[in-house]
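Engineer: structure for this input, please:
(8 chains)
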Number of protein chains: 8
Amino acid sequence: MDTESIKILLENVKSGQINIDDAVHQLKKLPFEDIGFAKIDHHRNLRNGYPEVIYSQGKTVVQIKEIVKRLMERNNNIMATRAGMDVFEAIKEVTSDAVYFEEARIVVIKKKDIQKSEKVIAIVTAGTSDISVAEEAAVTAETMGNTVNRVYDVGVAGIHRLFANADSLMNANVLVVVAGMEGALASVVGGMVDKPVIAVPTSVGYGANFGGLSALLTMLNSCASGIGVVNIDNGFGAGYLASMINKL
Amino acid sequence: MDTESIKILLENVKSGQINIDDAVHQLKKLPFEDIGFAKIDHHRNLRNGYPEVIYSQGKTVVQIKEIVKRLMERNNNIMATRAGMDVFEAIKEVTSDAVYFEEARIVVIKKKDIQKSEKVIAIVTAGTSDISVAEEAAVTAETMGNTVNRVYDVGVAGIHRLFANADSLMNANVLVVVAGMEGALASVVGGMVDKPVIAVPTSVGYGANFGGLSALLTMLNSCASGIGVVNIDNGFGAGYLASMINKL
Amino acid sequence: MDTESIKILLENVKSGQINIDDAVHQLKKLPFEDIGFAKIDHHRNLRNGYPEVIYSQGKTVVQIKEIVKRLMERNNNIMATRAGMDVFEAIKEVTSDAVYFEEARIVVIKKKDIQKSEKVIAIVTAGTSDISVAEEAAVTAETMGNTVNRVYDVGVAGIHRLFANADSLMNANVLVVVAGMEGALASVVGGMVDKPVIAVPTSVGYGANFGGLSALLTMLNSCASGIGVVNIDNGFGAGYLASMINKL
Amino acid sequence: MDTESIKILLENVKSGQINIDDAVHQLKKLPFEDIGFAKIDHHRNLRNGYPEVIYSQGKTVVQIKEIVKRLMERNNNIMATRAGMDVFEAIKEVTSDAVYFEEARIVVIKKKDIQKSEKVIAIVTAGTSDISVAEEAAVTAETMGNTVNRVYDVGVAGIHRLFANADSLMNANVLVVVAGMEGALASVVGGMVDKPVIAVPTSVGYGANFGGLSALLTMLNSCASGIGVVNIDNGFGAGYLASMINKL
Amino acid sequence: MDTESIKILLENVKSGQINIDDAVHQLKKLPFEDIGFAKIDHHRNLRNGYPEVIYSQGKTVVQIKEIVKRLMERNNNIMATRAGMDVFEAIKEVTSDAVYFEEARIVVIKKKDIQKSEKVIAIVTAGTSDISVAEEAAVTAETMGNTVNRVYDVGVAGIHRLFANADSLMNANVLVVVAGMEGALASVVGGMVDKPVIAVPTSVGYGANFGGLSALLTMLNSCASGIGVVNIDNGFGAGYLASMINKL
Amino acid sequence: MDTESIKILLENVKSGQINIDDAVHQLKKLPFEDIGFAKIDHHRNLRNGYPEVIYSQGKTVVQIKEIVKRLMERNNNIMATRAGMDVFEAIKEVTSDAVYFEEARIVVIKKKDIQKSEKVIAIVTAGTSDISVAEEAAVTAETMGNTVNRVYDVGVAGIHRLFANADSLMNANVLVVVAGMEGALASVVGGMVDKPVIAVPTSVGYGANFGGLSALLTMLNSCASGIGVVNIDNGFGAGYLASMINKL
Amino acid sequence: MDTESIKILLENVKSGQINIDDAVHQLKKLPFEDIGFAKIDHHRNLRNGYPEVIYSQGKTVVQIKEIVKRLMERNNNIMATRAGMDVFEAIKEVTSDAVYFEEARIVVIKKKDIQKSEKVIAIVTAGTSDISVAEEAAVTAETMGNTVNRVYDVGVAGIHRLFANADSLMNANVLVVVAGMEGALASVVGGMVDKPVIAVPTSVGYGANFGGLSALLTMLNSCASGIGVVNIDNGFGAGYLASMINKL
Amino acid sequence: MDTESIKILLENVKSGQINIDDAVHQLKKLPFEDIGFAKIDHHRNLRNGYPEVIYSQGKTVVQIKEIVKRLMERNNNIMATRAGMDVFEAIKEVTSDAVYFEEARIVVIKKKDIQKSEKVIAIVTAGTSDISVAEEAAVTAETMGNTVNRVYDVGVAGIHRLFANADSLMNANVLVVVAGMEGALASVVGGMVDKPVIAVPTSVGYGANFGGLSALLTMLNSCASGIGVVNIDNGFGAGYLASMINKL
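Structural biologist: Numbering: from 1, shown residues only, chains lettered A, B, ... in the order given. This is a model prediction of the structure:
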């Protein structure tokens, strides 16, 4: 209920078309977002052309199908993240438009064209094992209307590989750095570019990496400025934040 | 050494004005940044009108004075962070232009005017004890040419205080959320706005907050998307990253 | 052995009906609970109309069946928590009265009617994945004679969902807040109501949530007063404590 | 703005006493608490006869004095927690009514009589070193209108001391158990009584107690049901929660 | 090589029966244990009538069979700990004398009679889920020649169960207390008896028990004196240490 | 109240010298220890000729003096542990018999002769920095009537130092091993002797020793059997447990 | 592009055989390693006769086969670490020269003879369960051209086993010590030899060993000097580092 | 006692110059190191021309003076590490030859010339705050006879600084990398050189660096091979290990 709706309600009160008790009732029940917080939740997604997002993990295939059906009623693109092949197949039964990005574990249902921004998000990984997390970020960013430049397997142990890709890093508007093990790549990239860097620690590694804690601490303690960190393996979160920044 | 310089060198080789051994020597010594990485380090700051930054902690007053003297030779603004009163007084001896932001613990030496961006960075704190970290972010952002809107003491335990400031949050281009104890504010703000949020956990609290770990984990695990986290108490890092994003 | 029994014993001593050595023996063997601690253990449950509780985890199906058989001899309601379908089927063989609450993983055997209190316990979850823990709390509370109001999936990332349910929260006598990931919901609810809040961190989440530690620390460090925390995923404990409080 | 106020506003709209634009403006600015959340924050305290609370830690003496002055304008009791002698002396300058509870580190300003509830809160400690945390709970509870029964130094290493006080435990309506070191007391008390127990781990101990973590984990993992845990050393939180429960 | 042997060697040197180079060689090769450390390793077991012990975990069934065969050549009793049914069956193929203690997961091969000490080791558990660890301790102690008194399921949440067994505790010469969850039982037992207590934390529990860490910290921080702690779930270690103490 | 006392009471009941209500009252108030648990607390100390112990840390000098005065009324030896010079001086004012063991930080007041056991407790340290913890153990053990053999500074980095003292280790009845840094000494000693070993981790070290956690984990995970561990720096606990074992 | 190549390029510029724009292009694209960092990555391996290494974990069998095919084109030896039987079989399809070291989980493809260094690397384990990690180190070192001396199962609990192998330890040029549980072996060996020791903590153990953390901390805190630590279970890393040192 | 001495002893036995009992006594007392372990402890230092080392921390000035006096009797160089100015002044009273390296906090007493190896140890730091730890390593290495090349303040945030020093890194025989905060430098250097790298994490940093844990985990998890890690801030250990390797 925006300003206009409240105005109409009040005019109806004034003209007697609606009695006062009913108006009080409507005003008290007036959904929260109608008095200033309308941007919250799915609304904000929609205005920005963002897709609806379903986090599949911890949901049954039945639940996911029902959610997809409900969302299909609106004219928005839809993403299901952390989706296994079974989730994809279930969604396929609802709509044949579903496309599966296997490495990213994301199902996308495109209901309207995505306007691509020309500003580039570079997504950089230290190793090949970090790629599935990176793809989650990449597909998220692409579905949210961004151009993505993938720069994979350029970890610091062979730093010339990174420098061979310096142009790709320099030309990006936002960078997502995905790294497991010791996660040092975020610091090196952060020191090379003058654009915001989103760092994603991954759980890749063994021994004292403690499920990604090692890379997480590295990234939080980075001696380079301009780095924001998301949760371990949270490719979706990184892609989403990078998109938000790229939209500015 | 940019493309032009290499060209000139080669022309001099061709014309015999420089002999080949000298040219080889020059090419091998050619400073790293000259073949594509010139933006690295202080250079990137300068091109963006960013100030030079001195991290005072762990440096002696004598060292800081010498660094300030050397930096004064260039025409850039200078910031000394984590600076106590003693640091300020030492810098005062070098230049009377130094201004001290006590709560932020930052000394600023303005050598040229800062162009203010009209896009606003909102800096939000949960409690009053988080304000010194927030001020570090705010003064950093202001010195880097941003308009800052301070929204302090709006923690979630009395959530109407937060909503009373909803407009300030909605109108910001980037938000920095500073919170200790359980750090829940970042999630709530992240759910209200559709702009990037930089979350700063603070070490404010007691008991099982483990020096800020509690707020840090909260922010990393936030159920709201679009949040990047910096290190505990790292107001400078948040202000710097917010500036980078706001400059895009 | 209550006061009365001791009196009778002494009278029998006095009258010579029992000799002194026998009396000494009885007094020394007198079960602990008889001199003031009789309320301990199952006794306290029974007086309050509480059900007998079997914690199924770590017990074999054979053991559980035997315990149920023994408990069936008394006229109390019985609950088996953390019970899988196999436990339910085993209990079914003992008594056809067993009812299975699948999501809560609780088997209930009702042997006498449960008197419902009119005071309401609200059970609130942040997400849908927290519901199984919430149901453990809810079924526990209901079996202990409480009216439960379920308010599910109202996490802080879309805070208008929470406020749309404000009345439900306000009308509760005790609240149980169940949340994983960053667990911020407990603080927000704690700030909205003036009734005791039992916070249950869940292990829902990934990355740096460390099996629920993230939500646990958030809840312990809550800036809102009036919150007591139970163990990670301990829906039963929360339902039990809420019932105790609601009975006062 | 309660239902009545909205009604009047609408009647004024209807009667033309207020024009529609002004009414829209009023409705949009309508303070959050006016549409159902008025209980939030200090309001809830006041209605319950709760005191206003100032958390002194991290605040300057100047700030505290100003807050006290402002609060003195209303007719409520005031508590300043975590208050050293210097805080007390500063408050003394504002009002001679301030009373200092040194062991609890609380300053109380009584502006109206406190109605004592007859239902008793028992506050139990394992050792003498836990007493200052216990006193914070006790003074908080008393200032909030409760009768407190102190049962100190009854730790489990000499369990007959605890049983000698069994009556005190049995007669309480709510219990607060304060224990450091291994914190086992909460489990034993929880097993003896059939009333809610608030457990407060303290940082008392050495070696592998890790600043109270040991007692915290013990209490969260308690094999006794009906125990809610607050943060380490959080006597105020325990006293507050116990009061809330005791008021039901 | 004891004093006597060295003497003989020297006498042979003196008499010329052995030449100096050979003597030097023998002296330099002289096995370590021969000059004072002969008690080390299996030797110490044998002198005390202790069995040979095979830790089965991480060994293949083939390896275990070979070790058993080799040990069978001596006249000692043999124990295989952490032994599954497959290990038992493999050992059965080597010797039909093997007996399997299923709950303790120990195979015992008795080759000579065990002399039972009359001094009792009491083995006490908090819950039924702790019994398998307790049985590992009990069977170890029995195989090492001790009389064991099992006192199971007497956790502190129903403390009268513990006191009902006070005599068993008082009459023991050494006590082993096995407890998971919060592990409080060790402190209470430690406060009741004046004999050494070996505390064994178990990994039984859930949520914030962190695989037994909770009980471990409780036991290390116990306010009762006279408690030594072994590793989580280390029933064998506790039984072994208790036997050593009981042999004194 | 022992069996005899109960008998007399009953006889008085029988003879009418005491009325039944009074007898009931006496029986219900009958101190816990009188019906079987009399060994608890100080009583057990006294029967064993153990000293009374005051844990000074966290107690004021005034409190300690009062406790000493009260204890002086009985004819027992007294120990104050964790006692600084100020505590000693305060106790000196109460009794001139107080003796201060500075390195152990223990004050001893001998009121009757200590009967020395001939069985030796060896107290072994890895380094010189572990000596103050070792002395706490040693003075505790001596005051409790044991003969102590100090074997200091024999850490594993120069293992010949340890072997040069092999006889001292072999001749002990119980051993206390005190070690910081990596705490490996406990395992080596445990492998050399066939007597119980009490391991005391100390907080000596730096870097990743985490206040003694490193040595604690080492000792708990020891590959040698027959080792019980006490809390970090808990020399008193080790001395006490060793004494208990040595008394058997 | 080494000095010589740059010289030739410049001479071609001078002689006009190449025009300046092309030369600039070549110089700017000149691969990073050509101006000083050519040793990085695989190059350094090759010059040292090191094998190419494939870390199999997290790679699909298809990926590994492709990498092997590509590497087969050069004349280098190849190692695939963390390789299961399925990886071996896949590689077998590419080349029949592949040899599988099952305990080490390494596949080796020898394309040219390995020159054995005469200087010995001793690889020492505490227990038999540490052998697979040790074999990973041993096979790595052997494939890199070292003579390896295996000294297995000489943990400190039976220290005479270690001393019986003193000569093997003394004669080594570099030592790798592999130990789980409490990891004390590294300290003892470090104190016995005057050569560099590489310590490898293993995840072998249970209870409070926390996946190898216990042994890791022990090794980092070792009181013996001359010890460098690698990650938990990182046999390859230890073998590689030992080889590097042995090559000096 | 080497082979020769044993031979002479035996010859004396044979010739009757020494009687058998005395010979037995000498052989049994024969210091451990005489039968093969003579390299242990100070002996190994001396043969290598290593200095005697005093770890000053936790020792009193009086103790240190006594140790220095005793060591002065031999003709070896002496180092006191972790030595404050007060330690230096105390040693000065013993010998005027003492030289103080303030930043390294090391006192060196040179009693004979140190033979410098020509092979270089490069000591590299990320920041200026890491220099004191680096100097501890450097002075240790120099006093042990190595040529040290200091490469300070070349952290990865401005990676061109590192590459500008590539020659220094390439020319070293062993490298010590000292870094706090996120410690990424070790990985980058490890990837650039083909020599062993000793990584020293420092406690420099703030927030989630947890006293150096962040850098420690980074270094242990490094994706570059050939890195051995020492304890946090352990400059001495790194210098010592580097020296050992450099001596090979």
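
Engineer: how about residue A:120, phi and psi?
Structural biologist: phi -100, psi 140 (degrees, to the nearest 10).

Engineer: roughly how far does the closest residue to chain E within chain A sit from residue A:187?
Structural biologist: Nearest residue of chain A to chain E, counting by CB to the nearest CB: residue A:210, 13.2 Å away. The way it works is simple: take the backbone N, C-alpha and C, and place the C-beta from them, glycine included. Separation of residue A:210 from residue A:187 (CB to CB, to the nearest Å) stands at 19 Å.

Engineer: more neighbours: which of those two?
Structural biologist: A side-by-side neighbour count of residue A:210 and residue A:187, using other CB atoms under 10 Å in any protein chain shown, places residue A:187 first with 34 against 20.

Engineer: low-confidence bits of chain A, can you list those?
Structural biologist: Low-confidence regions of chain A, defined by pLDDT under 70, span residues A:1-5, A:25-49.

Engineer: interface residues of it facing chain G?
Structural biologist: Residues of chain A lying near chain G by CB under 8 Å from any CB of the partner chain: A:128-129, A:157-161, A:163-164, A:204, A:206-209.

Engineer: now do the contacts for residue A:125.
Structural biologist: Residues near residue A:125 by CB atoms under 8 Å, 6 or more residues apart in numbering or on different chains: A:131, A:133, A:134, A:151, A:152, A:153, A:154, A:155, A:177, A:178, A:179, A:185.

Engineer: ok, now with 10 Å
Structural biologist: A:131-135, A:137, A:150-155, A:176-180, A:185, A:200, A:202, A:204 (CB atoms under 10 Å, 6 or more residues apart in numbering or on different chains).

Engineer: now it: phi and psi?
Structural biologist: Reported as degrees, to the nearest 10, the phi and psi values for residue A:125 are phi -120, psi 150.

Engineer: circling back to that earlier point, can you tell me which of the contacts of residue A:125 are buried?
Structural biologist: The neighbour count (16 or more other CB atoms under 10 Å in any protein chain shown) marks A:131-135, A:137, A:151-155, A:176-180, A:185, A:200, A:202, A:204 as buried among those.

Engineer: those helices in chain A, which residues are they?
Structural biologist: Ranges of helices within chain A are A:3-15, A:20-29, A:42-47, A:61-72, A:85-94, A:131-143, A:159-163, A:166-170, A:185-192, A:213-220, A:235-247, based on DSSP state H.

Engineer: can I get those in CSV including distance to residue H:82?
Structural biologist: Output for these, formatted as CSV (distance: least, CB to CB, whole Å):
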stretch, distance to residue H:82
helix A:3-15, 70
helix A:20-29, 70
helix A:42-47, 57
helix A:61-72, 61
helix A:85-94, 59
helix A:131-143, 43
helix A:159-163, 35
helix A:166-170, 43
helix A:185-192, 30
helix A:213-220, 27
helix A:235-247, 43
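
Engineer: right, so of those, which gets closest to residue H:53?
Structural biologist: Of all the helices of chain A, it is helix A:213-220 that lies closest to residue H:53, at 32.2 Å by CB to CB.

Engineer: mind giving me the packing neighbours of the closest one?
Structural biologist: strand A:174-179, helix A:185-192, strand A:197-201, strand A:227-229, helix B:213-220, strand B:227-229, helix H:213-220 (3 or more CB pairs under 10 Å, 6 or more residues apart in numbering or on different chains; DSSP states H and E).

Engineer: relative to helix A:213-220, how tilted is the first one?
Structural biologist: Which is strand A:174-179. Here strand A:174-179 runs at an angle of 150 degrees relative to helix A:213-220 (axes from the mean of the first three to the mean of the last three CA atoms, to 10 degrees).

Engineer: parallel or antiparallel, which strands does strand A:174-179 pair with?
Structural biologist: strand A:120-125 (parallel), strand A:197-201 (parallel) (DSSP bridges).

Engineer: next one: the shortest one to chain centre, how far?
Structural biologist: Mean C-alpha position of strand A:197-201 versus that of the full chain (CA atoms, centre = their mean, to the nearest Å) differs by 13 Å.

Engineer: do the same with the longest one
Structural biologist: Offset of strand A:120-125 from its chain centre (CA atoms, centre = their mean): 14 Å.

Engineer: same check on stretch A:59-79?
Structural biologist: Distance, stretch centre to chain centre, for stretch A:59-79: 17 Å (CA atoms, centre = their mean).

Engineer: can you give me the buried ones in that stretch?
Structural biologist: A:59, A:61, A:64, A:65, A:67, A:68, A:71, A:72, A:76, A:77, A:78, A:79.

Engineer: okay, now the closest residue to chain F within chain A: neighbour count?
Structural biologist: Of all residues in chain A, residue A:208 sits closest to chain F, at 10.7 Å by CB to the nearest CB. Using other CB under 10 Å, residue A:208 has 25 neighbouring residues.

Engineer: then residue A:16?
Structural biologist: 9.

Engineer: also the one 5 residues further on?
Structural biologist: Neighbouring residues of residue A:21 were enumerated by other CB under 10 Å; the total is 11.

Engineer: how far away is it from chain H?
Structural biologist: Residue A:21 sits 56 Å away from chain H, going by CB to the nearest CB, to the nearest Å.

Engineer: same check, this time on residue A:163
Structural biologist: 9 Å.

Engineer: over to residue A:99?
Structural biologist: Going from residue A:99 to chain H by CB to the nearest CB gives 34 Å.

Engineer: before we move on, back to that, need the winner for burial among the strands paired with strand A:174-179.
Structural biologist: Mean neighbour count (mean count of other CB atoms under 10 Å in any protein chain shown) peaks for strand A:197-201 among the strands paired with strand A:174-179, with a mean of 32.

Engineer: quick check: closest non-adjacent residue to the closest residue to chain H within chain A.
Structural biologist: Closest residue of chain A to chain H, CB to the nearest CB: residue A:184 (3.3 Å). Counting by CB to CB, 6 or more residues apart in numbering or on different chains, residue A:184 lies nearest to residue H:184, which is 3.3 Å off, once chain neighbours are set aside.
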